[in-house]
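>>> Everything below, folded, please.
(one chain, ligands or ions: 2)
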Amino acid sequence: MKLNPLVSQLALYDIANTPGVAADVSHVNSRAEVAGYVGEEQLEKALEGCDLVIIPAGLPRKPGMSRDDLFNINAGIVKGLCSAIAKYCPTALVNMISNPVNSTVPIAAEVFKEPGTYDEKKLFGVTTLDVVRAKTFYTEKAKINFADVNVPVVGGHAGITILPLFSPATPKANLAEGDIKVLTKRTQEGGTEVVEAKAGKGSATLSVA
Ligand SMILES: NC(=O)c1ccc[n+]([C@@H]2O[C@H](COP(=O)([O-])OP(=O)(O)OC[C@H]3O[C@@H](n4cnc5c(N)ncnc54)[C@H](O)[C@@H]3O)[C@@H](O)[C@H]2O)c1
Ligand SMILES: O=C(O)C[C@H](O)C(=O)O
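Ligands and ions are numbered 1, 2, ... in the order given. Okay, here's the model as predicted:
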């Protein structure tokens, strides 16, 4: 976001350690001014005037966990943040990263419906990672150039709800049905692949960006 030329102000909010992250990010050479806010008492200031709110707050999975196992803790965190969004920047676009995305997006919708600020065109679950993975695995298997590869992915962001569509993928590669099954499964399990490789030290962060 700091590198995005459309961003003029970047407000970082966390319950801890924001000043350090904000100082670090502020040194990226782009026009966006960076401010760090820490703790609930500064949430109002962080959100005031925001056009876009990106929510990556909450627990990541550990090996052996499903995204649903994060529900109890992350649902509460998302609910709190969305209530504040409804109050302090009710017209902002909201990008939900916190898992389980299949549940945190509907939670956000319900929170926004209460004060009447819900707009289905302004609430998004972040599933770009599924597209990134599908493109990478397809490109490697098809032995084609990475430029201009397109693989649509529909559905949600957990296991079999992630549905990569390799048949209409371009450029066409005419992969065997068995290969498509393997690529589909690997895309659906991409998050688990990273969580297991990180062995308890978090989930995907680099491929997301
Ligand atoms: N949708 C996706 O593509 C995608 C990709 C990667 C991670 N995730 C999800 O994003 C979430 C965060 O993952 P991570 O690896 O960045 O975890 P992390 O532990 O590195 O960061 C989570 C941050 O949330 C903060 N936090 C906790 N409660 C908060 C609150 N009430 N308000 C604001 N901040 C709060 C923590 O202090 C921490 O800094 C997880 O649920 C993870 O599963 C989703
Ligand atoms: O898999 C996870 O827990 C994190 C994220 O949703 C991912 O797809 O990498």
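
>>> What's the separation between Glu48 and Gln42?
11 Å (CB to CB, to the nearest Å). From N, CA and C alone the C-beta is placed, and that goes for glycine too.

>>> who has more neighbours, those two?
Between Glu48 and Gln42, Gln42 has the larger neighbour count (other CB atoms under 10 Å), namely 16 against 11.

>>> looking at it, the more buried one is touching Tyr13, isn't it?
Yes - if you go by CB atoms under 8 Å, Gln42 and Tyr13 touch, sitting 7.2 Å apart.

>>> Contact residues of the protein facing ligand 1?
When proximity is defined by CB under 6 Å from any ligand atom, the chain lies next to ligand 1 at 13-16, 56-61, 70, 74, 77, 80-81, 97-99, 101, 126, 129, 157, 202-205, 208.

>>> Which of those residues fall in strands?
With strands defined by DSSP state E, the entries of these inside them are 13-14.

>>> Provide a PyMOL selection command restricted to the buried entries of the residues of the chain next to ligand 1.
Remark: buried members of the residues of the chain next to ligand 1, expressed as a PyMOL selection using 16 or more other CB atoms under 10 Å:
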select buried, resi 13+14+57+58+59+60+61+70+74+77+81+97+98+99+101+126+129+157+203+204
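
>>> Nearest the geometric middle of this protein, what residue?
Ile97 (3.1 Å; CA atoms, centre = their mean).

>>> What residues does it make contact with?
By CB atoms under 8 Å, 6 or more residues apart in numbering, Ile97 lies in contact with 54-56, 126, 208.

>>> And for Tyr37?
The contact partners of Tyr37, taken as CB under 8 Å, 6+ apart, are 11-13, 18, 43, 45-46.

>>> Quick check, pLDDT for the closest residue in space to it that isn't next to it in sequence.
Of all residues beyond its chain neighbours, the one nearest Tyr37 is Ala46 (3.8 Å), with distances taken as CB to CB, 6 or more residues apart in numbering. What the model reports for Ala46 is a pLDDT of 98.

>>> tell me the contacts of Ala46?
11-13, 35, 37.

>>> Now the two most distant members of the residues you listed.
With distance counted by CB to CB, no two of the contacts of Ala46 lie farther apart than Tyr13 and Ala35, which are 9.4 Å apart.
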